Structure formats: C-alpha cells, structure tokens
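A.B. asks: the following comprises the amino acid sequence and a computationally predicted model.
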Amino acid sequence: MKGGPNHADPLTRAFLQFMEVERSASPRTLENYRHALESFRTKHPGFKKWEDLTADDLRKYLFAQMKGGMGRATIRLHFAALRSFFKFLTRRQGLVKNPLLEVQIPKQEKKLPVVLTVQQVVTMLDLPLKTPREKQAPVWAAERDAAILEMFYSTGVRISELAAMNVPDVDVYTETVRVIGKGRKERICPVGSHALDALQRYRGKAGVHDGALFRSKVGKRMTTMAITNIVNKYRKLSGLPLNITPHKFRHSFATHLLNNGADLRSVQELLGHASLSTTQIYTHVTTERMKKVYDQAHPRA
C-alpha cells in the first residue's frame, strides 16, 4: 500500500490488517481506507486518540470538508472508511460507543450516467485497426487496443477487472470470461464474437499464450493507468464530443442491454453489482430516453 500501513497508528494498522485478511479487501480499497483515516488524523485539530472522538468532532470534520468544496462522493467515501473503522473499534477493540451513529452523512447525488450511442461505440471500436501505428509501438499494439475496447463493451467489466484478466480466464469454447470483481468475488461473463475475434487476433500476433492477458510493450501486465491512456488516445482520435472513459463503456453496455429487452436482474449479475438498487440507475437512463422519444413523436405530448 502506498504510504505503507507501518506509518499508521496501531489501531489503523490493526483495522487495515483485519480488512485485508478477514474481509479480503482489494489493494485499492485498503489504500482508500488508509488515506481517509490518515487525512482525518492529520487534518482534525487537536486529534489525540480515536477513542476520545465525539459525534461533534466528526460533524466538524464533515462540515470542514463540505466548506472546503470537497465533492459529495469523496466525502461519502471518506466516511465509509470511518464508518467501517468505528464498527471495527466497537466490535473488536472494546470501544463502548460509536460516535458515527449520531452523524448524518450527505446523501449521494443521483447523477445519470453518460451513455454512448451504439454508433459512437462502433466508431471507437473501429479506430485501433484504422489508425497508423506509432513508431515506438509494438507491431501488435493495434490488435491489443482493439481487443481492450471490444472487451470493455462486450463484457461491461470495470477497468481493474480487465487489467487483472489472465489468458486462462477466457474460454473460447463456452464464449465466457472469468472475472474477479469487488471483494474478490468471481463471476462469469459472456463474451461476444467480435470481442473473441479481436482477442484471437491480438494473442496470435503478440504471442500471448499464458499469464497476463493484456500486456505493455515490455511484456508486463498493463496497469489501469496505461489502459485509461489507450481509451483517451482513441477518444481524441474519434472527435466525439464526450469525455469517454473506460467506465462509459460499462454504462453503455448496461443501458444498451436494457434498451434491447434484457431484464434488470440479469444485468445486475453481468455487472457484478451486489445490490439491485445500484443497477436501477440504468432504468432511469432508459426512461429518460423513452421520454425524449415520446416528446418528439407523440402528437399531443
């Protein structure tokens, strides 16, 4: 973990170890929790011990974050870490009272996800094999980039899930891929024929037969940052008036499935959402689209 757990106080270290060993938290979650707890410890005036904190102390910290212009989602992320931490202190470390139970956290802003049209997706997916190769890039770079974009749209996986894929995870016979999601939960996702063809072209040209599926030019597993850079590259080349990110492919995947008759529960399983309520935001997107069509087409709308 960045900064290292050894720089934290004993209770934070014990909590992070508990999350890693007993809760199988991902490295990213552990780093987010460590950062949130360290931020509180260093920024809250007069901090001495976690056990001495009151609900008022936590409210003051919350208001300071809000006044400082911190986004609601970031505030909620910080307090999710604090909530888990204080729950750990009361259940495992003998803390008598959890002060966070008296603090009301601002609700999540309900922003509808930005979704690409099918034609915009196709424009992006076609670009890698149409773009001249950069001199320093490996001869198989275009095939790899095409496979990455195809896999994002075909499976709806998160960027961390795509980066973690290994060659044996893809089964060309059953046309599926094994995905390790949040909390290290495993799910099986179908893979479309276009994505499988793109993978076969890339693997054949790059000689990728085992280990990490998507690799850098030096043969190492690609980082999430490197994959984001690839998406950014083709976003700029596409000229599309959208800030296209890897997650936009996930939004588009879910919305296009629902638009074409998929049921919500199946989409939930494909996305790896723990709760159906998380998936339901995509029904709002499709409803908004239906309203626009209605307004434009109905004589008495």
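C.D. replies: That came through fine.

A.B. asks: which residues in this protein form helices?
C.D. replies: 10-21, 27-43, 55-67, 72-92, 118-130, 141-155, 159-163, 193-206, 224-238, 246-259, 264-271, 276-279, 281-297 (DSSP state H).

A.B. asks: which elements pack onto the longest one?
C.D. replies: So that's helix 72-92. Packing partners of helix 72-92 (3 or more Cβ pairs under 8 Å, 6 or more residues apart in numbering; DSSP states H and E): helix 10-21, helix 27-43, helix 55-67. Heads up, the C-betas are built off the backbone N, CA and C, glycines and all.

A.B. asks: quick one: contacts for E51?
C.D. replies: Going by Cβ atoms under 8 Å, 6 or more residues apart in numbering, E51 touches 89, 95.

A.B. asks: go again using 10 Å as the cut-off
C.D. replies: 11, 89, 93-97, 99 (Cβ atoms under 10 Å, 6 or more residues apart in numbering).

A.B. asks: out of those, which are buried?
C.D. replies: 11, 89, 93, 95, 99 (16 or more other Cβ atoms under 10 Å).

A.B. asks: now tabulate the residues you listed in CSV and tack on pLDDT.
C.D. replies: Below are the buried ones among the contacts of E51 laid out as CSV (pLDDT from 0 to 100):
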residue, pLDDT
L11, 93
L89, 94
Q93, 91
L95, 90
P99, 92
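
A.B. asks: ok, the residue lying closest to L37 once chain neighbours are set aside - contacts?
C.D. replies: Excluding the flanking residues, the one nearest L37 by Cβ to Cβ, 6 or more residues apart in numbering is T12, at 5.1 Å. Residues in contact with T12 (Cβ under 10 Å, 6+ apart) are 5, 33-34, 37-38, 40-41, 50, 85.

A.B. asks: could those residues go into TSV alongside neighbour count?
C.D. replies: Below are the contacts of T12 laid out as TSV (neighbours: other Cβ atoms under 10 Å):
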residue	neighbour count
P5	16
Y33	24
R34	23
L37	22
E38	16
F40	22
R41	13
W50	21
F85	24
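
A.B. asks: poorly predicted segments of this structure, please.
C.D. replies: Along the chain, the model assigns pLDDT under 70 to residues 1-8, 109-112, 285, 287-290, 293, 298, 301.

A.B. asks: just give the closest residue to the spatially most central residue of it, not the sequence neighbours.
C.D. replies: Nearest to the mean C-alpha position of the chain, by Cα atoms, centre = their mean, lies R158 at 4.8 Å. Of all residues not flanking R158 in the chain, R250 sits nearest, at 6.6 Å (Cβ to Cβ, 6+ apart).

A.B. asks: can you tell me which of the contacts of T12 is nearest H78?
C.D. replies: Distance to H78 across the contacts of T12 (Cβ to Cβ) is lowest for F40, with 7.4 Å.
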